[in-house]
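Q: Below are the sequence and a predicted model; questions follow.
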Amino acid sequence: MDAFYASVELLRYPMLRGLPVVIGGRRRSAASEPGGSFPTLREYAGRGVITTATYEARAFGVHSGMGLMKAAKLAPEAILLPADFDEYRRYSRLFKDAVRGMCSYVEDRGIDEIYIDLSELVLQARAVDSGAWTRAEAIARSIQAAVREATALSCSIGLTPNKLLSKIASDLEKPGGLTVCRETDIPLRIWPLAARKINGIGPKANARLERL
């Protein structure tokens, strides 16, 4: 899902669309509901971290896991909203149910991420459609449409031969992207990427790999 927590919050507060918004610091409570105006990072004091941020906020260099005080130096006017995990879990169930209604093989990887095996659906279609990748892409677009209909949210999909590549590809054309990477596309699309694009390689490992 694309900027999942932030996107759910924008359904609640559509007037914030197009603005830099950061989620984090604390859980939502009745006392934390915004009144006439929304708090900004400039006003924050504490040791909280960012849970997620809209793409407009990310343009300032803020990202998940960053301390809110550090983020305030980069984007002081960004709106700060508390997290509402009950609502995020509800939307998580909605989008996963929408996908499971279309596909038999779904692997849950967290509140906002799944893997889907489309092989069986593609094989079933080969009698009428000889282009397996073309058919797979059509199914993936149908999945995106089903998720949007169920949640009013967008998702990005990496359509590749395996899970490692799909994880990487799903991040290449966000938001709302569908990245197709066949075996023949790997040298052009994957090999030039930094090692940190591989799931599990953090900044320190990436720096060491770059030196090597």
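A: Alright, I've got the coordinates.

Q: CA atoms of the longest strand along the chain as PDB?
A: The longest strand of the chain (DSSP state E) is strand 21-27. Included here for strand 21-27 are C-alpha records, laid out as PDB according to Å, rounded to 0.1, in the frame of the first residue of the first chain:
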ATOM      1  CA  VAL A  21       1.800  15.200   6.700                       C
ATOM      2  CA  VAL A  22       3.700  13.100   9.300                       C
ATOM      3  CA  ILE A  23       2.200  10.300  11.400                       C
ATOM      4  CA  GLY A  24       3.900   9.500  14.700                       C
ATOM      5  CA  GLY A  25       4.700  10.500  18.200                       C
ATOM      6  CA  ARG A  26       1.800   8.900  20.000                       C
ATOM      7  CA  ARG A  27      -1.400   6.900  19.600                       C
END
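
Q: Who are the packing partners of that strand?
A: The contact analysis (3 or more CB pairs under 8 Å, 6 or more residues apart in numbering; DSSP states H and E) places strand 21-27 against helix 4-12, strand 50-53, helix 55-58, helix 68-74, strand 79-83. All C-beta spots, glycine's among them, are computed from the backbone N, C-alpha and C.

Q: what's the neighbour count on Arg109?
A: Counted with other CB atoms under 10 Å, the neighbours of Arg109 add up to 12.

Q: Tell me the pLDDT of it.
A: We note a pLDDT of 93 for Arg109 in this prediction.

Q: Report the distance from the helix or strand of the chain with the lowest mean pLDDT to the chain centre.
A: When each helix and strand of the chain is scored by mean pLDDT, DSSP states H and E, helix 119-125 comes last, with a mean of 80. Averaging C-alpha positions (CA atoms, centre = their mean, to the nearest Å) puts helix 119-125 26 Å from its chain's average.

Q: List of residues touching that helix?
A: Surrounding helix 119-125, the residues in contact under the criterion CB atoms under 8 Å, 6 or more residues apart in numbering are 103-105, 132, 135-136, 139.

Q: Check those residues for the minimum pLDDT and say which it is.
A: Ranked by pLDDT, these bottom out at Ala132 (86).
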